[in-house]
Each structure stands twice: as structure tokens, then as C-alpha cells.
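In: One predicted model, sequence on top.
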2 protein chains.
Amino acid sequence: MARTGRRAGDAGTREAIISAARGEFAHSGYNAATIRAIARRAGVDPALVYHYFGDKPALFVATAALPKDPRDIRNATQATHQPGSPGVRLVANFLAQWEADPAHQGRPFVVLAQAVSSSPDVARSLREFLSERIWAGREDTGADAQWRFNAISSQLVGLAWSRYIVQLEPLASASRSEVAARFGPAIEALMTGGPAE
Amino acid sequence: MARTGRRAGDAGTREAIISAARGEFAHSGYNAATIRAIARRAGVDPALVYHYFGDKPALFVATAALPKDPRDIRNATQATHQPGSPGVRLVANFLAQWEADPAHQGRPFVVLAQAVSSSPDVARSLREFLSERIWAGREDTGADAQWRFNAISSQLVGLAWSRYIVQLEPLASASRSEVAARFGPAIEALMTGGPAE
């Protein structure tokens, strides 16, 4: 099945596909990237990419710089060696995942936003990812908790949008820790506070 | 200069161009729409479109369903015949401007988000629009007020993103008044409250 020496099912195959996909999406953009080109970069058969990830939208969301495991968020917000409240730490960690490359700060978010806003399939995959991977890990699933989850997601994406895409000032140029200190408390209130409103 | 009988400088010319641009952007999308096609729809010479609006990004932002006058926002939030606090009314009015067409609820926001995320020129035009037309109309221009303005803009765009594009539930299906009641108080705190954090 594999085109090269790499055998299907190798432990590293999934990671190799994700890494190849990340490179191809960043290089070509979501629309122009093809499963064929991603498979070629990874050195595997295109069928293997479909086998692991289902379709291009799902592969795209899997490669976007989102936490792969809801526990990553919980661990990060509970990491008491980091300063600030859980809300402040959540904002700091959310920003950090888009700012790994200082030369292209926020670039992964821009790529994600382009794809999500122009492809209903990618938007659906992101919605499924959020509800099945992030939301499903939480204990409180009542209506108020759902609204709070919607509000937290909205505030985080709006923050990234304003910092990386529209580049509003002072937000765009401020340090990550200042932004976390400014935006964290409102998130914190949604995470821990009473009713969602 | 004009191609048709319409004379340059007619009082309705600017409105005719905006109306034609709105139709053309909705029909072709931002990238495919051309000033030439917009001018043809409006029955004017392309040079007149440049004269009034500068360039395609600025024309696009002018035609997006944003308030043309900062007083519109202030008037809406002070319209005491509408229910709720100023923050609740601001959210209700923000949503209403994207939901004029019940068959394509939120469509103008989706078109705007696509263009802003894929064109740095449109993002720049939106930033200028927000700072020169919306922000400049406010009285308090200190650093804390700028941060509050950044936070309000972020929360509103994140709300629209989650409701129209990712379509998180219960947010996507809830009535406008319920969303305004849920999201209004946090905006209200930023509008009227103490320090931005």
C-alpha cells in the first residue's frame, strides 16, 4: 500500500502525515493543498491518509494548532507553576499555541480562519472537534455550562482574530502576558462563575 | 465620464455604487469581484468607483454591513424603547445587522470574514474603519478605554464567528434576544465598568 519503504501502520505514520499536512497547508493554503501532495510529502499512499483521517477537512482540523487532547487544556490551566488564575493561564496557553514561530506570529490561526470561513466542511469539522474532543471531556454538561463553553470559545477566537488578523492596537503589539492579564479575568468568570450570563 | 445617462456627482451615485458592490461581492465573493463589474452594475465609469472609495478593500469594508456612523451605535444603545441594558442592546443590534435576510442568516458576516482573513488589505481597511469611524467617535481615548474597545470588538466578532461560521450550539439556534441576554452583560461591563481587565 505504501509507496516507499515506510510500512503502513508504522507507529510514526500518523505523525508523519500530520507533519506533512501541516507543511502542505501552510505552503499551499487549504484550498490548493491536496491529499495527494500531502501523501507524497509523508512518503505514504494517499489511501492511508484517508484511512487515518477520513477527509481533507478533518485532516486539516487535526493539523491545526489545536490541543489534541482536552486534558492539555486542563493540565495547562492547573499548572500552578505558571502565574495567574486558570483563566489567565488558559489565555496565555491559547496564544502560545499560535505563536510558536516568532517570525510568523499567529500564522497558523490565520490559515485556520481562512479555511473555516471559506469551507462549510472545515467549519463542520471544527465544530465536531470542539464538541467531541474539547467539550465532551468536561464534567458539567447542563445548558448553562454549554452556554459558558460557547462564550469561552467565542471570546478566545475573537481575541485571536483581533490580535492576528485585524491587528487592533494595543492588542496586536502587547506581550502575551499582558494580553492574558487583560482578557483572562472575563474567561475566568465564565469558567468558574455562576450562571452563563 | 459616466458610461450611461447617470451623471457623475448625482446625489444617488455613491449609494448606487454601494448597492452594486454589495450585490457583486455577495454574488462573486471578494476575490472574484472586480471594480469593473461593480461599475457596470451601478451604471457608472470604473474611475468614479475609485474616486469615491479609493480601492477595492476600502469599497468592500464600506459595503459590509457595518454601521456607517458611530452615532448609529450610540443611538441604538440609548434607544430606551428597546429592552435591556446598553450592552444587551448593542449585542442585539450587532446581530440584527447580519440577520436582515432570514433565508441567509449571517451571510454578510461570512462574506466579510472570508475577505478579512484572506486579504491583508481588507484587514487593514477594516482596522482603519474601526479606528477612524467607530473608535474615533468616542470621548474617552485613554489606554484603558482602548483596551476596552479592543475587548468589545473581540467579543462581538467572536460571537458572530461562533454563531454564523462554526455554528456552535446552543448559540447558533438561539433567538437574537436570548443571545443578547446571555452575551450582553459581559459587553456591558466593558462599556461602563472600571478598568479594562
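Out: All right, it came through fine.

In: Poorly predicted segments of chain A, please.
Out: A:1-11, A:65-83, A:136-138, A:193-197 (pLDDT under 70).

In: Next, count neighbours for A:Ala58.
Out: 19 (other C-beta atoms under 10 Å in any protein chain shown). Bear in mind the C-beta positions are built from the backbone N, C-alpha and C, glycine included.

In: next one: A:Glu139
Out: By other C-beta under 10 Å, 5 other residues sit near A:Glu139.

In: How about A:Ala143?
Out: 10.

In: who touches it in this structure?
Out: B:Pro170 (C-beta atoms under 8 Å, 6 or more residues apart in numbering or on different chains).

In: Find the nearest non-adjacent residue to whatever residue of chain A ends up closest to chain B, please.
Out: Residue of chain A nearest chain B, by C-beta to the nearest C-beta: A:Gly158 (2.4 Å). Excluding the flanking residues, the one nearest A:Gly158 by C-beta to C-beta, 6 or more residues apart in numbering or on different chains is B:Gly158, at 2.4 Å.

In: so who does the residue of chain A closest to chain B touch?
Out: Contacts of A:Gly158 by C-beta under 8 Å, 6+ apart are B:153-159, B:161.

In: what's the closest non-adjacent residue to A:Ser85?
Out: Leaving aside its sequence neighbours, A:Ser85 sits nearest to A:Glu188 (C-beta to C-beta, 6+ apart; 5.0 Å).

In: correct me, but A:Val88 touches A:Glu188?
Out: Yes. A:Val88 lies in contact with A:Glu188 (C-beta atoms under 8 Å); the separation is 6.9 Å.

In: who has more neighbours, those two?
Out: A:Val88 (23 against 20).

In: Remind me which helix or strand that one belongs to.
Out: Per DSSP states H and E, A:Val88 falls inside helix A:86-98.

In: Packing partners of that helix?
Out: With contacts taken as 3 or more C-beta pairs under 8 Å, 6 or more residues apart in numbering or on different chains; DSSP states H and E, helix A:86-98 sits against helix A:70-78, helix A:107-118, helix A:143-160, helix A:176-192.

In: can you rerun that using 7 Å?
Out: For helix A:86-98, the packing partners by 3 or more C-beta pairs under 7 Å, 6 or more residues apart in numbering or on different chains; DSSP states H and E come out as helix A:70-78, helix A:176-192.

In: sorry, back to before: tell me the spacing between the residue nearest to A:Gly158 and B:Gly29.
Out: 23 Å (C-beta to C-beta, to the nearest Å).

In: same thing with A:Ser153?
Out: 26 Å.

In: So for those two, which sits in the more crowded spot?
Out: Counted by other C-beta under 10 Å, A:Ser153 and B:Gly29 do not tie: A:Ser153 has more neighbours, with 20 against 14.
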